[in-house]
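1. All I have is the shape, not the residue letters:
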C-alpha cells in the first residue's frame, strides 16, 4: 500500500498575455507548492478503478481528476490491473490552489511506482489539465508559460503565509471568461529578489479584477489580509482563495486567529511554502 501527499499551490503573480489559437490563454506565472496538502492512499486491485473521498463532497467519481488520472494511466500503461484510491481532501475545491490538479498528478506518480511503464507522465498530465504538469514536476516552485506546460524550476526562500477563502467557488473557465485586460509578462527575477530581501513582492494577478467584479465577496478578504499587516496580498490563480505573506510562522498563526474570530464563515489557514 502506498500513500502520497498532493500539495496545494499559490500563484505568486499571474500574467495573461494573449488568447491562443487552440482556445487556451498564453500565461506567465510563478507557481509555488505549499505544505497544505491532500492525501491519497493507493490499494492495488485486480481490475477497475474505484475512489473514496473524505473531507469534501465532490459529486460523480467520473468527473474527478484523480479518478480520470488513474484510468488514463492504467489504459496507457496496458498493465491490465486496477486500483482503489482513498482521497482525503484538505484543499478547498475550485479555490485557485490546484487541489484537483495536484490530486491527479499524485495519482500519476503513485501509479508509476506501483505499475511501472515506459510512459511520458508529463504528456499524460497535460491531457488532464494545464496545472497538472507543475505538480508532476515535483519542484517547490516553477515559472509556468505557454498554457502552463513550459516549466522552469525556480529557487525560492521559504515563507509563511495566510490563506483565506469566503467559501466561494470560482471555476477557472469563469475567471478567464471575465478577464478584463491582457497583461505584461511576469517580472519573475524581481519577485524572487524581493522575497529574498524580505520585501513586499508587489504581485499582480490579471484575473483578479474580472473575478472581483463578478464575485464582490472576495474583495473584503483582500482588504482583511492587508489590514492584518501581510505583504504580497493577492488572489491565487482563478480564485477565490486569497493569500498574504507573513513575517514568520508565529505572525501567520496570529493573523489566522484574528480572522477566524472576525469572519467565522470564512475558511482561513496558515501554511508555508512546501
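-> Perfect, I can see it now. Computed from a predicted model, the values in this text were never measured in an experiment. Numbers count the residues shown, from 1 in each chain.
2. quick one: the strands in the stretch 51-200 of the chain?
-> Along the stretch 51-200 of the chain, counting by DSSP state E, counting those that start in this stretch, strands occupy 82-88, 141-146, 150-153, 160-165.
3. Can you tell me which of the ones you listed is packed in deepest?
-> Greatest average neighbour count among the strands of the stretch 51-200 of the chain goes to strand 160-165 (a mean of 25), per mean count of other CB atoms under 10 Å. Where C-beta positions appear, they are placed from N, C-alpha and C, glycine not excepted.
4. so how far is the helix or strand bottoming out on mean pLDDT in the chain from its chain's centroid?
-> For the chain, the helix or strand with the lowest mean confidence is helix 172-177, at a mean of 92 (criterion: mean pLDDT, DSSP states H and E). For helix 172-177, the separation from the chain centroid amounts to 15 Å (computed by CA atoms, centre = their mean, to the nearest Å).
5. and it, what does it pack onto?
-> helix 208-214 (3 or more CB pairs under 8 Å, 6 or more residues apart in numbering; DSSP states H and E).
6. quick one: buried residues of the helix it packs on?
-> For helix 208-214, the neighbour count (16 or more other CB atoms under 10 Å) marks 208, 210-212 as buried.
7. Quick check: mean pLDDT of that helix?
-> Averaging pLDDT along helix 208-214 gives 96.
8. what helices or strands is that helix leaning on?
-> Counting by 3+ CB pairs under 8 Å, 6+ apart, the packing neighbours recorded for helix 208-214 are helix 172-177, strand 231-235.
9. Make CSV out of these and add distance to residue 32 and mean neighbour count.
-> CSV is the format used below for the helices and strands packed on helix 208-214 (distance: least, CB to CB, whole Å; neighbours: other CB atoms under 10 Å):
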stretch, distance to residue 32, mean neighbour count
helix 172-177, 18, 16
strand 231-235, 11, 23
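10. what's the closest of those to residue 109?
-> helix 172-177 (22.6 Å; CB to CB).
11. ok, and what's touching the closest one?
-> Applying CB atoms under 8 Å, 6 or more residues apart in numbering, the external contacts of helix 172-177 come out as 16, 25, 207, 210-211, 214, 237-239.
12. rerun that using 6 Å as the cut-off
-> For helix 172-177, contacts defined as CB atoms under 6 Å, 6 or more residues apart in numbering pick out 25, 207, 211, 238.
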